[in-house]
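# 3D, please:
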Amino acid sequence: KSDPTKRGVIFRGAGGHFCAGGDIKDMASARAVAMSGESDSDPYFDLNRIFGKMIMAVNDLPQVVVAVLEGAVLGGGFGLACVSDIAICHADAKFGMPETTLGIVPAQIAPFVVDRIGLTQARRLSLMAERFGGQAALEMGLVHYIESSEEAITNRLTDVCNRVRQCAPGANAITKRILLDVGTVPTNDLLDRAAEEFSAAVQGPEGMEGTMAFIEKRKPNWASEA
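This next block holds a predicted model:
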(Lines give C-alpha, C1' and ligand atoms only; values in the text may rest on other atoms or scores of the structure.)
Protein backbone atom coordinates (compact mmCIF):
# COMPACT_ATOMS: atom_id res chain seq x y z
CA LYS A 1 0.00 0.00 0.00
CA SER A 2 2.75 2.46 0.91
CA ASP A 3 5.20 1.40 -1.83
CA PRO A 4 5.68 4.53 -3.99
CA THR A 5 7.14 2.45 -6.83
CA LYS A 6 3.75 0.80 -7.43
CA ARG A 7 1.63 3.04 -9.64
CA GLY A 8 -1.46 0.85 -9.88
CA VAL A 9 -3.10 -2.44 -8.97
CA ILE A 10 -4.92 -4.65 -11.48
CA PHE A 11 -7.68 -6.99 -10.29
CA ARG A 12 -8.55 -9.78 -12.69
CA GLY A 13 -10.05 -13.22 -12.22
CA ALA A 14 -9.02 -16.56 -13.69
CA GLY A 15 -10.66 -19.09 -15.96
CA GLY A 16 -12.77 -16.47 -17.69
CA HIS A 17 -14.47 -15.22 -14.52
CA PHE A 18 -13.81 -12.26 -12.26
CA CYS A 19 -15.50 -13.39 -9.03
CA ALA A 20 -18.73 -15.29 -8.39
CA GLY A 21 -19.08 -14.08 -4.81
CA GLY A 22 -18.74 -15.72 -1.42
CA ASP A 23 -17.83 -19.37 -1.02
CA ILE A 24 -20.76 -21.36 0.38
CA LYS A 25 -18.21 -23.76 1.89
CA ASP A 26 -16.90 -20.92 4.04
CA MET A 27 -20.41 -20.32 5.30
CA ALA A 28 -20.76 -24.03 6.08
CA SER A 29 -17.51 -23.88 8.05
CA ALA A 30 -18.81 -20.88 9.98
CA ARG A 31 -22.00 -22.82 10.73
CA ALA A 32 -19.97 -25.73 12.09
CA VAL A 33 -18.02 -23.38 14.37
CA ALA A 34 -21.22 -21.72 15.55
CA MET A 35 -22.84 -25.07 16.34
CA SER A 36 -19.76 -26.34 18.17
CA GLY A 37 -19.79 -23.45 20.61
CA GLU A 38 -15.98 -23.33 20.44
CA SER A 39 -15.81 -19.64 19.60
CA ASP A 40 -16.71 -16.73 21.87
CA SER A 41 -17.42 -14.53 18.84
CA ASP A 42 -20.04 -14.89 16.11
CA PRO A 43 -18.32 -16.77 13.24
CA TYR A 44 -20.84 -15.45 10.69
CA PHE A 45 -20.16 -11.87 11.77
CA ASP A 46 -16.40 -12.48 11.64
CA LEU A 47 -16.59 -14.07 8.17
CA ASN A 48 -18.67 -11.24 6.75
CA ARG A 49 -16.69 -8.48 8.42
CA ILE A 50 -13.35 -9.82 7.18
CA PHE A 51 -14.55 -9.31 3.62
CA GLY A 52 -15.73 -5.81 4.50
CA LYS A 53 -12.29 -4.94 5.81
CA MET A 54 -10.71 -6.29 2.65
CA ILE A 55 -12.94 -4.31 0.30
CA MET A 56 -12.39 -1.18 2.41
CA ALA A 57 -8.63 -1.70 2.12
CA VAL A 58 -8.93 -1.91 -1.67
CA ASN A 59 -11.11 1.20 -1.71
CA ASP A 60 -8.52 3.13 0.30
CA LEU A 61 -5.47 2.12 -1.76
CA PRO A 62 -3.51 5.19 -2.88
CA GLN A 63 -2.65 3.47 -6.14
CA VAL A 64 -4.96 3.45 -9.14
CA VAL A 65 -7.12 0.31 -8.96
CA VAL A 66 -8.05 -1.19 -12.33
CA ALA A 67 -10.60 -4.01 -12.56
CA VAL A 68 -10.87 -6.28 -15.58
CA LEU A 69 -14.35 -7.80 -15.42
CA GLU A 70 -15.17 -10.98 -17.32
CA GLY A 71 -17.62 -13.82 -16.85
CA ALA A 72 -19.29 -13.82 -13.43
CA VAL A 73 -19.13 -10.54 -11.50
CA LEU A 74 -21.48 -11.41 -8.66
CA GLY A 75 -21.96 -10.69 -4.96
CA GLY A 76 -18.64 -9.83 -3.41
CA GLY A 77 -17.13 -9.63 -6.88
CA PHE A 78 -19.73 -7.02 -7.76
CA GLY A 79 -18.70 -5.07 -4.66
CA LEU A 80 -15.04 -5.31 -5.59
CA ALA A 81 -15.84 -3.92 -9.04
CA CYS A 82 -17.52 -0.97 -7.31
CA VAL A 83 -14.31 0.07 -5.53
CA SER A 84 -12.19 0.13 -8.68
CA ASP A 85 -11.01 3.46 -10.04
CA ILE A 86 -11.17 2.24 -13.63
CA ALA A 87 -13.29 -0.72 -14.75
CA ILE A 88 -12.97 -2.55 -18.06
CA CYS A 89 -15.50 -5.25 -18.84
CA HIS A 90 -16.21 -7.83 -21.49
CA ALA A 91 -19.56 -7.31 -23.19
CA ASP A 92 -20.60 -10.83 -22.16
CA ALA A 93 -19.81 -10.38 -18.45
CA LYS A 94 -22.70 -11.15 -16.10
CA PHE A 95 -23.23 -8.79 -13.18
CA GLY A 96 -25.58 -9.20 -10.24
CA MET A 97 -26.28 -9.19 -6.53
CA PRO A 98 -27.84 -12.65 -5.92
CA GLU A 99 -27.60 -12.59 -2.12
CA THR A 100 -31.31 -12.24 -1.41
CA THR A 101 -32.10 -15.30 -3.56
CA LEU A 102 -30.03 -17.26 -1.03
CA GLY A 103 -31.83 -15.75 1.93
CA ILE A 104 -28.83 -13.60 2.89
CA VAL A 105 -27.99 -9.92 2.46
CA PRO A 106 -25.31 -7.93 0.56
CA ALA A 107 -24.13 -6.59 3.89
CA GLN A 108 -20.57 -5.46 3.28
CA ILE A 109 -20.85 -4.37 -0.35
CA ALA A 110 -24.02 -2.27 0.00
CA PRO A 111 -22.33 1.09 0.82
CA PHE A 112 -19.92 0.74 -2.08
CA VAL A 113 -22.64 -0.23 -4.54
CA VAL A 114 -24.70 2.82 -3.56
CA ASP A 115 -21.65 5.07 -3.90
CA ARG A 116 -20.95 3.66 -7.36
CA ILE A 117 -24.32 3.51 -9.07
CA GLY A 118 -26.68 5.43 -6.77
CA LEU A 119 -29.38 4.42 -4.34
CA THR A 120 -32.18 3.93 -6.86
CA GLN A 121 -30.20 1.47 -9.00
CA ALA A 122 -28.83 -0.31 -5.93
CA ARG A 123 -32.37 -0.81 -4.62
CA ARG A 124 -33.57 -2.24 -7.91
CA LEU A 125 -30.65 -4.59 -8.43
CA SER A 126 -30.42 -5.90 -4.88
CA LEU A 127 -34.15 -6.30 -4.18
CA MET A 128 -34.82 -8.18 -7.43
CA ALA A 129 -31.40 -9.87 -7.69
CA GLU A 130 -31.42 -8.89 -11.36
CA ARG A 131 -28.63 -10.11 -13.63
CA PHE A 132 -27.37 -7.83 -16.38
CA GLY A 133 -24.59 -7.62 -18.95
CA GLY A 134 -21.77 -5.33 -19.90
CA GLN A 135 -23.81 -2.77 -21.84
CA ALA A 136 -26.14 -2.15 -18.89
CA ALA A 137 -23.12 -1.91 -16.59
CA LEU A 138 -21.68 0.78 -18.85
CA GLU A 139 -24.94 2.70 -19.01
CA MET A 140 -25.35 2.81 -15.22
CA GLY A 141 -21.77 3.94 -14.67
CA LEU A 142 -20.54 0.74 -13.04
CA VAL A 143 -17.84 0.29 -15.70
CA HIS A 144 -15.99 2.76 -17.89
CA TYR A 145 -15.07 0.66 -20.91
CA ILE A 146 -16.76 -2.29 -22.61
CA GLU A 147 -14.93 -4.54 -25.05
CA SER A 148 -16.07 -7.49 -27.16
CA SER A 149 -12.92 -9.62 -27.30
CA GLU A 150 -9.91 -10.70 -25.28
CA GLU A 151 -7.63 -8.81 -27.63
CA ALA A 152 -9.66 -5.62 -27.23
CA ILE A 153 -9.58 -5.95 -23.44
CA THR A 154 -5.79 -6.40 -23.51
CA ASN A 155 -5.38 -3.35 -25.74
CA ARG A 156 -7.66 -1.27 -23.52
CA LEU A 157 -5.81 -2.36 -20.39
CA THR A 158 -2.48 -1.43 -21.99
CA ASP A 159 -3.85 1.99 -22.93
CA VAL A 160 -5.24 2.58 -19.43
CA CYS A 161 -1.92 1.64 -17.82
CA ASN A 162 -0.02 3.93 -20.20
CA ARG A 163 -2.35 6.81 -19.37
CA VAL A 164 -1.97 6.23 -15.62
CA ARG A 165 1.80 6.43 -16.11
CA GLN A 166 1.41 9.97 -17.45
CA CYS A 167 0.09 11.10 -14.06
CA ALA A 168 2.31 11.78 -11.05
CA PRO A 169 1.77 8.97 -8.52
CA GLY A 170 1.75 11.26 -5.50
CA ALA A 171 -0.71 13.65 -7.12
CA ASN A 172 -2.93 10.71 -8.08
CA ALA A 173 -2.95 9.41 -4.50
CA ILE A 174 -3.88 12.81 -3.04
CA THR A 175 -6.54 13.39 -5.70
CA LYS A 176 -8.07 10.00 -4.96
CA ARG A 177 -8.22 10.75 -1.24
CA ILE A 178 -9.95 14.09 -1.85
CA LEU A 179 -12.51 12.46 -4.15
CA LEU A 180 -13.26 9.70 -1.64
CA ASP A 181 -13.82 12.26 1.12
CA VAL A 182 -16.51 14.12 -0.84
CA GLY A 183 -19.80 13.71 1.00
CA THR A 184 -18.20 12.38 4.18
CA VAL A 185 -16.13 15.41 5.19
CA PRO A 186 -17.79 18.86 5.50
CA THR A 187 -17.21 20.69 2.22
CA ASN A 188 -15.54 23.73 3.80
CA ASP A 189 -13.14 21.51 5.76
CA LEU A 190 -12.43 19.44 2.67
CA LEU A 191 -11.70 22.54 0.58
CA ASP A 192 -9.35 23.86 3.27
CA ARG A 193 -7.46 20.58 3.28
CA ALA A 194 -7.49 20.44 -0.52
CA ALA A 195 -5.93 23.92 -0.67
CA GLU A 196 -3.21 22.75 1.72
CA GLU A 197 -2.61 19.70 -0.45
CA PHE A 198 -2.47 21.90 -3.56
CA SER A 199 0.07 24.23 -2.00
CA ALA A 200 2.23 21.30 -0.88
CA ALA A 201 1.98 19.68 -4.32
CA VAL A 202 2.96 22.84 -6.22
CA GLN A 203 6.01 23.29 -4.01
CA GLY A 204 6.86 19.60 -3.85
CA PRO A 205 9.11 17.56 -6.15
CA GLU A 206 6.30 16.37 -8.42
CA GLY A 207 4.83 19.84 -8.87
CA MET A 208 8.22 21.36 -9.56
CA GLU A 209 9.13 18.62 -12.02
CA GLY A 210 5.74 18.75 -13.75
CA THR A 211 5.69 22.51 -14.24
CA MET A 212 9.31 22.55 -15.38
CA ALA A 213 8.63 19.75 -17.86
CA PHE A 214 5.69 21.73 -19.25
CA ILE A 215 7.86 24.83 -19.71
CA GLU A 216 10.66 22.79 -21.30
CA LYS A 217 8.18 20.93 -23.54
CA ARG A 218 9.22 17.48 -22.36
CA LYS A 219 7.63 14.64 -20.45
CA PRO A 220 8.03 14.69 -16.66
CA ASN A 221 10.29 12.04 -15.20
CA TRP A 222 7.44 9.80 -13.98
CA ALA A 223 5.92 9.61 -17.49
CA SER A 224 9.01 7.92 -18.87
CA GLU A 225 8.77 4.98 -16.49
CA ALA A 226 7.82 1.58 -17.92
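
# run through the helices of the protein in chain order.
Along the chain, counting by DSSP state H, helices occupy 24-36, 43-59, 76-82, 110-117, 119-128, 134-139, 150-164, 169-181, 187-203, 205-215.

# between those helices, which one is nearest to residue 93?
Nearest to residue 93, of all the helices of the chain, is helix 134-139, at 5.0 Å by CB to CB. Placement of C-beta: from N, CA and C, glycine included.

# which elements pack onto the closest one?
Helices and strands touching helix 134-139, by 3 or more CB pairs under 8 Å, 6 or more residues apart in numbering; DSSP states H and E, are strand 86-90, strand 94-96, strand 145-147.

# buried ones in the longest one?
Within strand 86-90, the residues that count as buried by 16 or more other CB atoms under 10 Å are 86, 87, 88, 89, 90.

# just stretch 196-215 next, same as before
Applying 16+ other CB under 10 Å to stretch 196-215 flags 197, 201, 204, 206, 207, 210 as buried.

# pretty sure residue 129 sits against residue 102.
No: with contacts counted by CB atoms under 8 Å, residue 129 stays clear of residue 102, the gap being 9.0 Å.

# follow-up on the earlier one: now the buried residues of stretch 196-215 as a markdown table including pLDDT and distance to residue 164?
As requested, the buried residues of stretch 196-215 are exported to a markdown table (pLDDT from 0 to 100; distance: CB to CB, whole Å):
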| residue | pLDDT | distance to residue 164 |
| --- | --- | --- |
| 197 | 97 | 20 |
| 201 | 96 | 18 |
| 204 | 96 | 20 |
| 206 | 95 | 15 |
| 207 | 95 | 18 |
| 210 | 96 | 15 |
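
# could you export these as TSV, including distance to residue 51?
As requested, these are arranged in TSV below (distance: CB to CB, whole Å):
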residue	distance to residue 51
197	31
201	34
204	36
206	35
207	38
210	38
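
# burial of residue 155, as a residue count?
Using other CB atoms under 10 Å, residue 155 has 12 neighbouring residues.

# so what's residue 6 up against?
residue 63 (CB atoms under 8 Å, 6 or more residues apart in numbering).

# ok, it to residue 190 distance?
Between residue 6 and residue 190 the computed distance is 26 Å (CB to CB, to the nearest Å).

# one more: residue 107?
Taken as CB to CB, the span from residue 107 to residue 190 is 28 Å.

# quick one: the residue lying closest to residue 168 once chain neighbours are set aside from residue 98, how far?
Distances taken as CB to CB, 6 or more residues apart in numbering place residue 206 nearest to residue 168, at 4.1 Å, with adjacent residues excluded. Note on residue 206: its distance to residue 98, by CB to CB, is 44 Å.
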